[in-house]
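Colleague: One predicted model, sequence on top.
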Amino acid sequence: MKKMDLKKELKHLYRPSAKEPSVVDVPPMSFLMVDGAGDPNSSQEYQEAVSALYSVAYSLKFMVKKGEAAVDYGVMPLEAVWWADDARFDLEDKDTWLWTAMIMQPEYVTQALFEEALVQVEKKKDPPALSRVRFESFHEGLSAQIMHIGPYAEEEPTVERLHNFIAQGGYQLRGRHHEIYLSDPNRTAPHRLKTVIRQPIAG
């Protein structure tokens, strides 16, 4: 059976340096996605979205492993893009946040397989947000990114550093603030949490 380490294969996208920001060209990739709004720390909607995403992601993993592809891979980390409707995205004012929580999927996952996974998850668990999960391609393109190490609440200096790097390089911000959560907060001390901070840019 073939085994894939997607995080290793996509190291330039999922393991950036914490010392210096870098510019990457992110190709189109497929994701499971759920949209929502509100503070992720207190929003039941966000917790339900994450639960549904992981339920479908793990169902797909086992389906691909047992299917024609016979490929074993690790489920990718949770990611989210964040924005605000009528104002500049504010890291402090979390109640105004809009978000799309998502988990990247390998090339073996198809729309048909996704729809089959939904049926299986509904029979076994039927999480509240299951009907909101969708499967689609997401293309970020040219972006700047850096690794933040530490609590989520202390990201602001890292974000400012990334934005300064973007401005100094002659780029402009575009698109939405993107975070990739490499660590499990239930098993990792806050000061050791690793989060990729990514911002799409225009030249």
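Modeller: Perfect, I can see it now.

Colleague: which residues in the protein form strands?
Modeller: Along the chain, the segments classed as strands by DSSP state E run 2-4, 22-26, 29-37, 71-73, 78-83, 98-105, 134-138, 141-149, 172-173, 177-181, 194-202.

Colleague: quick check: longest helix of the chain.
Modeller: helix 44-66 (DSSP state H).

Colleague: Next, the angle strand 134-138 makes with that one.
Modeller: On the basis of axes from the mean of the first three to the mean of the last three CA atoms, to 10 degrees, helix 44-66 is oriented at 80 degrees to strand 134-138.

Colleague: Next, the buried residues of helix 44-66.
Modeller: Buried residues in helix 44-66, counted by 16 or more other CB atoms under 10 Å: 45-46, 48-53, 55-57, 59-61, 63-65. For every residue, glycine as well, the C-beta is placed using N, CA and C.

Colleague: same thing with stretch 65-80?
Modeller: 65, 69, 71, 73, 76-80.

Colleague: quick one, what contacts Gly170?
Modeller: Contacts for Gly170 (CB atoms under 8 Å, 6 or more residues apart in numbering) come out as Gly203.

Colleague: so what's it scoring on pLDDT?
Modeller: Gly170 carries a pLDDT score of 97 in this model.

Colleague: Then Asp39?
Modeller: Predicted confidence (pLDDT) for Asp39: 87.

Colleague: What is the neighbour count of it?
Modeller: Using other CB atoms under 10 Å, Asp39 is surrounded by 14 other residues.

Colleague: just checking, it touches Asp93?
Modeller: No. The criterion here is CB atoms under 8 Å, and Asp39 misses it with Asp93 at 9.1 Å.

Colleague: Among the buried residues of stretch 65-80, give me the pair with the biggest separation.
Modeller: Greatest spatial distance in these: Ala69 and Ala80, 27.8 Å, computed using CB to CB.

Colleague: And stretch 96-116, what's buried?
Modeller: 96-97, 99-106, 108-109, 113-114.

Colleague: what residue ranges in this protein score low on pLDDT?
Modeller: Where the chain drops to pLDDT under 70, the residues are 86-92.

Colleague: Break it down into its structural domains.
Modeller: Domains of the chain are assigned by automatic domain parsing as 30-139, 141-203.

Colleague: So for Lys8, which of the ones you listed sits nearest?
Modeller: Across the domains of the chain, Lys8 has its closest neighbour in domain 30-139 (9.5 Å, CB to CB).

Colleague: Report the contact partners of the residue nearest in space to the middle of the chain.
Modeller: Nearest residue to the geometric centre of the chain (CA atoms, centre = their mean): Glu79, 1.4 Å. Glu79 sits next to 31, 101-104, 178-181 when contact means CB under 8 Å, 6+ apart.
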